[in-house]
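A.B. asks: Turn this into a structure:
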Amino acid sequence: MSKIKVIVVDDSALMRKIISDMLNEESDIEVIDIARNGEELLSKLEKHRPDAITLDVEMPKMDGITALKELKRKNIHIPVIMLSSISTKGTELTMECLEAGAFDFIPKPSGTISLDINKVRNDLIEKIRAAYNKSSAQVNRNFNKFEKRTQSLKEEREAKREALRKRKEAETDALGKIDAVVIGASTGGPKALYTVVTALPVNLGVPVIIVQHMPAGFTKAFAERLNNNSDIKVVEAFDGQNIEKNVVYIAPGGFHLEVGGDGKLHLNTEPTIWGVRPAVDKLFISASKLYGSRLMSVVLTGMGRDGAGGTVEVKSRGGFTLSEDESTCTIYGMPKAAYETGKVDLVLPLEEIPVHIVKTVMGVRR
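C.D. replies: The predicted structure is shown next:
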């Protein structure tokens, strides 16, 4: 079995060794080279073509964001996992890196490294494998393109007609009043949420509450970046916060976010669900209890199955449920798990999701 080839980029010799050692312990991963900064990485890529790159955000000579832009300019398509410090500058640069095309990120170990190393190792390995599988799947899709086109034109027309019929039926089912929208996302979520949130109008008329799997310390910068680029107001949620119309609330990293019967947002540090906190299921289930049939839920790209149980709960109370189509997902894990429950009303590609939210909520129909 061929191994996943990785280049590790970090200005710290200690971090290069730590990251390299943890990756080389895996039977399916091999670190083929290291680099101290973006310039050195670009030089190494002239003789190596890895399957993935781990890239430090803050480095001398050429930092992570500059390196990402150079990769894009040179048309080099290799999945990049960012390693970021939990500093104001580090978190802001991380958001910029995600927008510039990074596959995902993990926070660097802080304080006593031994306290965080297992979490870092597990997250990094999971993301490298996911990035590799996504990249390999894309290659296979391109390679098999001609085989797929052997489907008869008649079958294609019938499939499209059936999909359109189901979509129109689902849209008709959504004609009831919507008082709130809840959204869940994980890997690939920051870019997907940027697409959705920045397309929402300032007068949407309902609150939008979001859980994005993200470590503590990064969600504030994420919310601020969305707010600075959106018409609608975006904030990081806090405990006891009143839920208001025309505001997007982002769950803070490290806390579950729930909608209370008192109409306020509540945070807690109860055990993780599916290994994450905040969890999408926590938000969806609690919101469905308050809003019932007046709730719309949306599951976007991400690994795992968080949000599937919540989708079932939203539908059981008469709410309207959406999930992102596989064609636009960075990782088709969470949306697939939600869809396979049989409780998803409508599946849409990413760019159509904000359009549908606005038309449904504001009562404007095709």
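A.B. asks: Find the residue closest to N203 in space, skipping its chain neighbours.
C.D. replies: N246 (6.2 Å; C-beta to C-beta, 6 or more residues apart in numbering). C-beta coordinates here come from the backbone N, C-alpha and C atoms, glycine included.
A.B. asks: same question, G217
C.D. replies: Of all residues beyond its chain neighbours, the one nearest G217 is I86 (3.9 Å), with distances taken as C-beta to C-beta, 6+ apart.
A.B. asks: quick one: the strands in the stretch 151-300 of the chain?
C.D. replies: For the stretch 151-300 of the chain, strands defined by DSSP state E, counting those that start in this stretch occupy the ranges 180-185, 208-212, 233-236, 241-242, 247-250, 256-259, 264-268, 295-299.
A.B. asks: Present those as JSON lines; the columns should include mean pLDDT, mean neighbour count and distance to L200.
C.D. replies: Formatted as JSON lines, the strands of the stretch 151-300 of the chain follow (pLDDT from 0 to 100; neighbours: other C-beta atoms under 10 Å; distance: least, C-beta to C-beta, whole Å):
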{"stretch": "strand 180-185", "mean pLDDT": "98", "mean neighbour count": "27", "distance to L200": "9"}
{"stretch": "strand 208-212", "mean pLDDT": "98", "mean neighbour count": "26", "distance to L200": "7"}
{"stretch": "strand 233-236", "mean pLDDT": "98", "mean neighbour count": "18", "distance to L200": "9"}
{"stretch": "strand 241-242", "mean pLDDT": "98", "mean neighbour count": "13", "distance to L200": "19"}
{"stretch": "strand 247-250", "mean pLDDT": "98", "mean neighbour count": "24", "distance to L200": "7"}
{"stretch": "strand 256-259", "mean pLDDT": "98", "mean neighbour count": "25", "distance to L200": "19"}
{"stretch": "strand 264-268", "mean pLDDT": "98", "mean neighbour count": "17", "distance to L200": "19"}
{"stretch": "strand 295-299", "mean pLDDT": "98", "mean neighbour count": "29", "distance to L200": "12"}
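A.B. asks: would you list the ones you listed in a markdown table and tack on distance to S323?
C.D. replies: Below are the strands of the stretch 151-300 of the chain laid out as a markdown table (distance: least, C-beta to C-beta, whole Å):
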| stretch | distance to S323 |
| --- | --- |
| strand 180-185 | 10 |
| strand 208-212 | 15 |
| strand 233-236 | 22 |
| strand 241-242 | 27 |
| strand 247-250 | 19 |
| strand 256-259 | 20 |
| strand 264-268 | 24 |
| strand 295-299 | 4 |
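A.B. asks: Out of those, flag the one nearest N37.
C.D. replies: Nearest to N37 among these is strand 208-212 (29.4 Å), distances taken as C-beta to C-beta.
A.B. asks: Do I have it right that the residue nearest to N203 meets V234?
C.D. replies: No - with contact defined as C-beta atoms under 8 Å, N246 does not count as touching V234 (10.7 Å).
A.B. asks: Now do the closest residue to P201 other than its chain neighbours against L204, distance only.
C.D. replies: Setting aside the residues directly before and after it, P201 is nearest to D231 in space (C-beta to C-beta, 6+ apart), at 5.8 Å. Distance check for D231 against L204: by C-beta to C-beta, to the nearest Å, it reads 9 Å.
A.B. asks: Who has more neighbours out of those two?
C.D. replies: Here D231 and L204 are set side by side on neighbour count (other C-beta atoms under 10 Å), and the busier one is L204, at 20 against 13.
A.B. asks: Can you tell me how far that one is from V361?
C.D. replies: Taken as C-beta to C-beta, the span from L204 to V361 is 6 Å.
A.B. asks: cool, and N268?
C.D. replies: As defined by C-beta to C-beta, N268 lies at a distance of 28 Å from V361.
A.B. asks: and what of Y339?
C.D. replies: Taking C-beta to C-beta as the measure, Y339 and V361 are separated by 22 Å.
A.B. asks: Check L226 too.
C.D. replies: When C-beta to C-beta is the yardstick, L226 and V361 sit 18 Å from each other.
A.B. asks: Show me which of the two is the more surrounded one.
C.D. replies: Counting neighbours by other C-beta under 10 Å for L226 and for V361 shows that L226 has the greater number, 24 against 21.
A.B. asks: pretty sure the more buried one is touching A192, no?
C.D. replies: No - look at L226 against A192 with C-beta under 8 Å: they stay out of range, at 11.8 Å.
A.B. asks: which residues do the two both contact?
C.D. replies: With C-beta atoms under 8 Å, 6 or more residues apart in numbering applied, the contact sets of L226 and A192 do not overlap.
A.B. asks: Give me the residue ranges of the protein where confidence is low.
C.D. replies: Counting by pLDDT under 70, the low-confidence segments of the chain come to 1, 110-116, 136-175, 364-366.
A.B. asks: In contact with the most centrally placed residue in it, which residues?
C.D. replies: Relative to the mean C-alpha position of the chain, the nearest C-alpha, by C-alpha atoms, centre = their mean, is the one of G189, at 1.8 Å. By C-beta under 8 Å, 6+ apart, the contact list for G189 reads Q212, H213, M214, L300, T301, G302.
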